[in-house]
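[1] Attaching a predicted model along with its sequence, questions to come.
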Amino acid sequence: MTVKRNPVLDLEITAVRKDFPALDQRVHGKPLVYLDNAATTQKPRAVIDAVDRFYRLDCSNVHRGVHELSARATKAYEGARGSVRRFINAANEREIIFVRGTTEAINLVASSYGRSHLNAGDEILISALEHHSNIVPWQLLCEQIGTRLVVAPINDAGELIQQEFERRLTPKTKLIAVAHVSNALGTVMPVREIVRMAHANNVKVIIDGAQAVSHFAVDVRELGCDFYAFSGHKLFGPTGIGVLYGREDLLDRMPPYQGGGDMIRSVTFEKTTYNDLPYKFEAGTPHVAGAIGLGASLNYLSGLGMDQVTAHECDLLAYGTNLLGLIPGLRLIGTATEKAGVLSFVLEGIHPHDAGTVLDQLGIAVRTGHHCAQPVMARFGVPATTRASLALYNTKSELDALAHGIQRVQELFNK
Ligand SMILES: Cc1ncc(COP(=O)(O)O)c(C=O)c1O
């Protein structure tokens, strides 16, 4: 992201780090440098306390009880939905579906919207930088109903080739599914432009926002997308909770994804009628504590200010890119002009797993592997990368530690 440095937007990083208890520990005798935020983020005290409070005091099922604890749990759960709505600026809370995470959100759309609105021969357009979660659900749908998956290529920097994307947007295209930010490369996709092109052709768009929402403010109405998916655990919230945003008129016309309690209005053996939105898509006891924790994380982020978070991370990313660029034998994978949060790289003659293991011994947590994006690895001709991924609490001195760590790895393996 090209955000100009503005001293007014400086985060009080020392104070922010104190909000995250897990950051204050030693690993293998070294201060923890946590750079695996694209996999999952650490949790601020506000989230831990909200979950703790729920289990200590308010633990109850939601929506069905007349007693005080159930009323409190319901209020907190629905309050969290309100926090999500505000965070992404959705029009109303009926458009906010709590799910397990991005993966479930995309599967929900593939299963419910896909099977009810797409037909054999229709095409689903994705990009070549998608996470497996935004590939496999569409492949399953293709196997089930005979739709076709079409993939738009990326260039050597890891950017979408827009002319190639446009060329693949044909009268057969009925749905576009793209990441907002690539988890393997950090590329920020031109989603506004994609939505504009799609809607001009009467095509619906689902955006996989798993790697976007923690890095910059997302306004679903401004984007104009039809669906937007993200996971709580990558956004400083609990695991097992996530969000599908969907436009109300579309969600209204979609059949339930799963059947069970809470998603019904009435049940007889002859006929069942379904509940209103959003409950039609929330079958069974939801992850109440998770939703409450997610709400707390969004309120925490709003308190910090997403613009401040973005400015801090842009600064970090520029610093880290420059620093790693100075290391001989290091090749950055993913050099898009518009990038967020990710420094993926390979080291000449050294397997990423070896690099990751040595870095771990130095207290530096990075991820190595294919990052659930095997087609991206294939595109760049590498089996795996080492990925350092940033969050609002990271610092330049942590990136210095990473650079020193990489030099140590090279000394060990390139003797
Ligand atoms: C871009 C992207 N999409 C989808 C997912 C899947 O998220 P989850 O495992 O939380 O469902 C991830 C997780 O790494 C991701 O980075």
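    Thanks, I have the structure now. Residues are numbered from 1 along each chain as shown.

[2] mind checking how far the nearest residue in space to Arg72 that is not next to it in sequence is from Arg408?
    In this structure, Arg72 finds its nearest non-sequential neighbour in Asp58, 4.3 Å apart by Cβ to Cβ, 6 or more residues apart in numbering. The way it works is simple: take the backbone N, C-alpha and C, and place the C-beta from them, glycine included. Distance, Asp58 to Arg408, using Cβ to Cβ, to the nearest Å: 48 Å.

[3] Tell me the buried residues in the helix or strand hosting Asn322?
    Element membership of Asn322 [criterion: DSSP states H and E] is helix 306-325. Using 16 or more other Cβ atoms under 10 Å as the test for burial, helix 306-325 gives 306, 308-317, 320, 323-324.

[4] rewinding a little: per-residue confidence for the residue nearest to Arg72?
    Listed pLDDT for Asp58 reads 97.

[5] need the contact list for it.
    Leu69, Arg72, Ala73, Ala76 (Cβ atoms under 8 Å, 6 or more residues apart in numbering).

[6] So, low pLDDT: which residues of this structure?
    Within the chain, the segments meeting pLDDT under 70 span 1-10, 415.

[7] Residue numbers of it in contact with the ligand?
    For the chain, the contact set with the ligand under Cβ under 6 Å from any ligand atom comprises 38, 101-103, 131, 133-134, 179, 183, 208, 210-211, 231, 372.

[8] right, and out of the residues you listed, which lies closest to Asn414?
    Asn414 lies nearest to Ala38 out of those, by Cβ to Cβ, at 27.3 Å.

[9] Chain neighbours aside, what residue packs nearest to the closest one?
    Ser389 (3.5 Å).

[10] Val16 too?
    Nearest to Val16 is Tyr393, by Cβ to Cβ, 6+ apart, at 5.5 Å.

[11] Look up how far the ligand lies from the nearest residue to His67 once chain neighbours are set aside.
    Excluding the flanking residues, the one nearest His67 by Cβ to Cβ, 6+ apart is Ser60, at 7.3 Å. Using Cβ to the nearest ligand atom, to the nearest Å, we find Ser60 at a distance of 27 Å from the ligand.

[12] who are the neighbours in contact with Ser60?
    His67, Leu69, Ser70, Arg72, Ala73.

[13] neighbour-wise, which of the residues you listed leads?
    Ala73 (23 neighbours; other Cβ atoms under 10 Å).

[14] and Arg56, that one's in a strand?
    No - per DSSP: H, G, I helix; E, B strand; the rest coil, Arg56 lies outside any strand segment and is helix.

[15] From Phe230, how far off is it?
    28 Å.

[16] Looking at those two, which is more packed in?
    Of the pair Arg56 and Phe230, Phe230 is the one with more neighbours under other Cβ under 10 Å, namely 29 against 9.

[17] May I have the secondary structure class of that one?
    On the basis of three-state DSSP, Phe230 is classed as strand.

[18] Nearest residue to it in space, please, no chain neighbours.
    Gly209 is the one closest to Phe230 (Cβ to Cβ, 6+ apart), at 4.3 Å.

[19] Could you check how many residues crowd around that neighbour?
    Look at Gly209: counted by other Cβ under 10 Å, it has 29 neighbours.

[20] Now it. Its backbone dihedrals?
    The phi/psi pair for Gly209 (degrees, to the nearest 10) reads phi -100, psi 20.

[21] What is the helix holding Asn322 packed up against?
    Judged by 3 or more Cβ pairs under 8 Å, 6 or more residues apart in numbering; DSSP states H and E, helix 306-325 is in contact with strand 330-332, strand 342-347, helix 396-413.

[22] Tell me which of those sits most buried.
    The highest mean neighbour count among these, using mean count of other Cβ atoms under 10 Å, belongs to strand 342-347: a mean of 25.

[23] which secondary structure elements does that strand contact?
    Packing partners of strand 342-347 (3+ Cβ pairs under 8 Å, 6+ apart): helix 306-325, strand 330-332, strand 385-389, helix 396-413.

[24] tell me how far the second one is from the chain's mean position?
    Think strand 330-332. When distances are taken as Cα atoms, centre = their mean, to the nearest Å, strand 330-332 is centred 25 Å away from the chain's centroid.
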